[in-house]
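Enquirer: Give the three-dimensional model of this entry:
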Amino acid sequence: MENYIKDYSSALYNLACLKSMPGKYIVRPEENWIDIIEILFWLSGRRGECLERTLILLPLRERIICILTYLGYSSAEVAKTICISTAGVVKAKQRIKRKIGLPTDVSLNEFIAVSYTH
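Expert: Predicted coordinates for the structure are as follows:
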């Protein structure tokens, strides 16, 4: 059986575009996000393990919202990027907080920032 080396060049390109053009770049199909998430955690090394363990519990759409939040996107920019309403993003963030058991006084943005650095 031949060794298979996955080509992450499009994931790197998508990640670079997402980072440089918040709210102006749309990744399609949604399955491309899996590679983007993989490459982001690979690039971070062990630093993102805590966040990675949390994200694995979430459906892909909610993982995408967390990754875009980590990249510094506002809720409006997340909404534009994944083609849903800003209210939909806010509701999704509330759902994510419930699913991962965050206290009400901790914001999802803070949790993501802290989790990614540990």
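Enquirer: Show me what the longest helix that the chain contains is in contact with.
Expert: Longest helix in the chain by number of residues (criterion: DSSP state H): helix 86-100. Helix 86-100 is contacted by residues 54, 57-58, 61-62, 65-66, 69, 75-76, 78-79, 82, 84, 104, 106, 108, 111 when judged by CB atoms under 8 Å, 6 or more residues apart in numbering. Heads up, the C-betas are built off the backbone N, CA and C, glycines and all.
Enquirer: Buried ones only from the residues you listed, please, as a PyMOL command.
Expert: To isolate in PyMOL the members of the contacts of helix 86-100 that are buried, counting by 16 or more other CB atoms under 10 Å, one can use:
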select buried, resi 54+58+62+65+66+69+75+78+79+82+108+111
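Enquirer: Now, the contacts of helix 86-100 that are in helices?
Expert: 54, 61-62, 65-66, 69, 75-76, 78-79, 82, 108, 111.
Enquirer: mind putting the residues you listed in a markdown table, distance to Tyr8 and pLDDT included?
Expert: A markdown table is the format used below for the ones in helices among the contacts of helix 86-100 (distance: CB to CB, whole Å; pLDDT from 0 to 100):
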| residue | distance to Tyr8 | pLDDT |
| --- | --- | --- |
| Thr54 | 23 | 84 |
| Arg61 | 22 | 94 |
| Glu62 | 23 | 95 |
| Ile65 | 22 | 95 |
| Cys66 | 20 | 94 |
| Thr69 | 22 | 93 |
| Ser75 | 28 | 95 |
| Ala76 | 29 | 95 |
| Val78 | 23 | 95 |
| Ala79 | 27 | 95 |
| Ile82 | 21 | 92 |
| Leu108 | 27 | 92 |
| Phe111 | 27 | 90 |
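Enquirer: Quickly name whichever of those is closest to Asn32.
Expert: Nearest to Asn32 out of those is Ile82 (CB to CB; 12.1 Å).
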